[in-house]
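Visitor: Curious how this folds, go ahead:
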Amino acid sequence: MFSFCADPETLDSFRWLACYLTTGKHANFYVSFGTVLLLLAITAPAALIFGFCGAAAARSRIWPISWLGKIYISLVRGVPDIAFFLFFVIALDQAFEWTRHQILCPDWDQPIRQGNDFVVCQAAKLPLGNAPQWVHETYGFFVAVLTFAIVFGAFAANVLFGAMRAVPRAQLETAEAYGMSRRQIFRRILVPQMWVYALPGLSNLWMVLIKATPLLFLLGVEDIVYWARELGGTANPRFTDYPHGDWRMWYFLALLVFYLGFTRVSEVFLERLMVRLSRGQSTTGGEAQRRAGA
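Guide: Coordinates of the predicted model:
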């Protein structure tokens, strides 16, 4: 904060606004943009790993594995996202605490389920009650990331499963004729070829993931939606020393610009990636490139 911000009542409009936008609470608002970007940077590859494992399981010739893969895909796709987000946060938290309880408190003689209450020993709680605030925030963010990865991993699994089935059978048969094993065909032929078919669906999924980041607010993470609502609301001494009217429209307008700009950058990047992957492929995009170069 600037040195002239000591007495807000003596400031003109420009300096008042400069002081207002540089408070500690606004610093948290600016940092929350980084929180959203960090969520996307971690969740995207994690969801892709979940999706690849789910798609590979669904293609398995071992029916229990195939059954589990297909259930994972169908179950998550068939339930509203918000229901799964709220369910997984509670379920994962209790699963972690139950595991710690079994390890750290083997002599516990009380039931963990006591009516509607979930009770574990003090040492098993996550995070511990005396842990610093940053530990609580990091744990909440970790559970949110894992929840996003599980949910969007199911959508990615559906896309990758369809992409694997779209790879021309002739290419796989040719590999078989050359004596490749099933694993070699999967690793050297199927997986490299499937990405060009998967990218359109994964691109749409990436856009949906970007638009789903405000759900962090519902998962207890202080994200950009949380700070925009609180800072933009009418005077609240807990959040600002500079009283103002209802400015939420302007804060949410800033979020609108941020999301539109970020999705546009993503579209440009994904379009270029699609062009690169289509080179030499027997797809519509690859055929268009060959005709353009002829």
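Visitor: Could you list the low-pLDDT ranges of the stretch 1-150 of the chain?
Guide: 1-4, 6-12, 129 (pLDDT under 70).
Visitor: Tell me where it has helices.
Guide: 13-20, 24-59, 63-77, 81-104, 133-166 (DSSP state H, counting those that start in this stretch).
Visitor: could you dump those to CSV with mean neighbour count and distance to residue 176?
Guide: Every C-beta, even on glycine, is put in place using the N, C-alpha and C of the backbone. As requested, those are exported to CSV (neighbours: other Cβ atoms under 10 Å; distance: least, Cβ to Cβ, whole Å):
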stretch, mean neighbour count, distance to residue 176
helix 13-20, 14, 68
helix 24-59, 18, 16
helix 63-77, 15, 20
helix 81-104, 15, 39
helix 133-166, 20, 16
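Visitor: Just put those helices in a markdown table and tack on distance to residue 114.
Guide: Shown next, in a markdown table, are the helices of the stretch 1-150 of the chain (distance: least, Cβ to Cβ, whole Å):
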| stretch | distance to residue 114 |
| --- | --- |
| helix 13-20 | 49 |
| helix 24-59 | 33 |
| helix 63-77 | 29 |
| helix 81-104 | 13 |
| helix 133-166 | 23 |
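Visitor: of all those helices, which lies closest to residue 223?
Guide: helix 24-59 (5.2 Å; Cβ to Cβ).
Visitor: I'd like to know which elements the closest one is packed against.
Guide: helix 63-77, helix 133-166, helix 191-212, helix 224-232 (3 or more Cβ pairs under 8 Å, 6 or more residues apart in numbering; DSSP states H and E).
Visitor: Adding distance to residue 179 as columns, could you present those in JSON lines?
Guide: Formatted as JSON lines, the helices and strands packed on helix 24-59 follow (distance: least, Cβ to Cβ, whole Å):
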{"stretch": "helix 63-77", "distance to residue 179": "26"}
{"stretch": "helix 133-166", "distance to residue 179": "22"}
{"stretch": "helix 191-212", "distance to residue 179": "19"}
{"stretch": "helix 224-232", "distance to residue 179": "55"}
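Visitor: for these, which one sits closest to residue 34?
Guide: The closest of these to residue 34 is helix 224-232. By Cβ to Cβ, the value is 9.7 Å.
Visitor: same for the helix or strand just after that closest one, what does it pack against?
Guide: Counting by DSSP states H and E, the next helix or strand C-terminal to helix 224-232 is helix 248-278. Judged by 3+ Cβ pairs under 8 Å, 6+ apart, helix 248-278 is in contact with helix 191-212, helix 224-232, helix 284-293.
Visitor: ok, of these, where does mean pLDDT dip lowest?
Guide: Mean pLDDT is lowest for helix 284-293 among these, at a mean of 48.
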